[in-house]
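Colleague: based on what follows, work out the 3D shape:
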Amino acid sequence: MAFKRFPVFAAQLRDRSGLGLSEAYPLRGRQRYYEPHFRVPPVDPTKLKLLLPPPPPSSPLPQPSIPPILPEETVTNIDVQNPSSAPVPSVWPLFPELDGKKFLATYRSQKEGADTYTLQKGLEVEPHLSAQRVRVWTGREYIFVQPDEILPCQDKINPIRTRKAMLVISGEHIGKYIRPITNKYTPEGKAVFTAKTFNNWGRTDEMLLDEWIEIAPEHLARILDDPNEKRWSSVMRIARDAAVKPRPPQKKR
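Modeller: Next comes the predicted model:
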């Protein structure tokens, strides 16, 4: 059986979060033998499937069947504590690293029979891997929706001003919670965060993971609650006081 070959450039490749491979998995130290010539713009992860070529008619790809979930079942049958038995998803935000974690996103709803979508921004969502659904708080009730109805928030997160805790929703540190230290500038003049990362978020055994990372704002989502903010306030104050105040790069004349 002969397979068709397609020429692919490195700039065309994306990981499952929509980032270029160099941005999602940067090489460090001795591994850093390759430097990209330019930054690859991120792609909306919900549109990744549209970029794939359709399968040939003679060999259609099998479509997984997902049993419908009734409204009565959505609350009682979700086993959030044991997601290991759930199938590994291919759609954001149903990544194992985000399972059961709450963050703000955009809900794209469509009325039955309508051709247009309604975007509701800044809603709290919670992916449930075992149910293959995302729970959304609409402000009045909880509903469970398909993962492709959830988009990253459209509002911009400003690394220069934002110091609230956030959740990493894509890239190398996906699933980690961060508390920003300050910001710095890339060689291209783009502002990014420097931050500490944490595990066991909101629990009594919450712990520090990474003392210092750099992360771009497009990898992050806002969250509503930081239960241990006071507990870590002195640690973050010391880190922020010790941080070098960044200066934006001067434009070349």
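Colleague: low-confidence ranges, this protein, go.
Modeller: Of all residues in the chain, those with pLDDT under 70 make up the ranges 1-12, 15-18, 22-90, 154, 251-253.
Colleague: in it, which strand has the most residues?
Modeller: strand 118-128 (DSSP state E).
Colleague: hmm, who's touching that one?
Modeller: 78, 80, 83, 93-95, 98-111, 134-139, 144, 147, 150-151, 153-155, 222, 224 (CB atoms under 8 Å, 6 or more residues apart in numbering). All C-beta spots, glycine's among them, are computed from the backbone N, C-alpha and C.
Colleague: swap in stretch 226-238?
Modeller: With contacts defined as CB under 8 Å, 6+ apart, stretch 226-238 is touched by K164, A165, R179, I181, K196, F198, W201, G202, E206, L208.
Colleague: what's the most distant pair in those residues?
Modeller: When CB to CB is used, the two most widely separated members of the contacts of stretch 226-238 are I181 and G202, lying 20.3 Å apart.
Colleague: those two - which one has more neighbours?
Modeller: Using other CB atoms under 10 Å as the criterion, I181 and G202 rank with I181 on top: 21 against 14.
Colleague: list the contacts for that one?
Modeller: Listed by CB under 8 Å, 6+ apart, the contact set of I181 reads F193, T194, A195, K196, W212, M236, A239, R240, A243.
Colleague: what's across from the nearest residue to the last one once chain neighbours are set aside in the sheet?
Modeller: In space, and not counting its chain neighbours, A243 is closest to T182: 4.3 Å by CB to CB, 6 or more residues apart in numbering. Taking DSSP bridges, one obtains T194 as the residues bridged to T182.
Colleague: return the residues in contact with T182.
Modeller: The contact partners of T182, by CB under 8 Å, 6+ apart, come to F193, T194, R240, A243, V244, K245, P246.
Colleague: how about a cut-off of 10 Å?
Modeller: Contacts for T182 were tallied using CB atoms under 10 Å, 6 or more residues apart in numbering; they are 159-160, 163, 193-195, 239-246.
Colleague: so V91 touches Q132, yeah?
Modeller: Yes: with contacts defined as CB atoms under 10 Å, V91 counts as touching Q132 at a distance of 9.0 Å.
Colleague: overlap in contacts, the two.
Modeller: Q146, P147.
Colleague: what about the helices in this protein?
Modeller: Secondary structure of the chain, counting by DSSP state H: helices at 21-24, 71-76, 233-242.
Colleague: buried set for the last one?
Modeller: Put plainly, it is helix 233-242. Neighbour-count burial for helix 233-242, with 16 or more other CB atoms under 10 Å as criterion, is recorded at M236, A239.
Colleague: can you pull up the bridge partners for the nearest residue to A105 once chain neighbours are set aside?
Modeller: Distance criterion CB to CB, 6+ apart; nearest residue to A105, sequence neighbours excluded, is V125 at 4.7 Å. On DSSP bridges, the residues paired with V125 through beta bridges are F103, V136.
Colleague: now the nearest residue to P96 once chain neighbours are set aside: how far from R203?
Modeller: Beyond its immediate neighbours in the sequence, the residue positioned closest to P96 (CB to CB, 6+ apart) is L129, lying 6.1 Å away. Computed with CB to CB, to the nearest Å, the distance linking L129 and R203 is 20 Å.
Colleague: ok, the two, which is more surrounded?
Modeller: L129 (26 against 10).
Colleague: my guess is the more buried one contacts L94. True?
Modeller: Yes: with contacts counted by CB under 10 Å, L129 reaches L94, the gap being 5.7 Å.
Colleague: next up, the contacts around D241.
Modeller: The neighbourhood of D241, defined by CB under 10 Å, 6+ apart, consists of I181, T182.
Colleague: any idea how far it lies from A191?
Modeller: Distance of D241 to A191, computed by CB to CB: 20 Å.
Colleague: do C153 as well
Modeller: The spacing between C153 and A191, counted by CB to CB, is 18 Å.
Colleague: OK, contacts around W212?
Modeller: I181, T194, A195, K196, T197, A239, A243.
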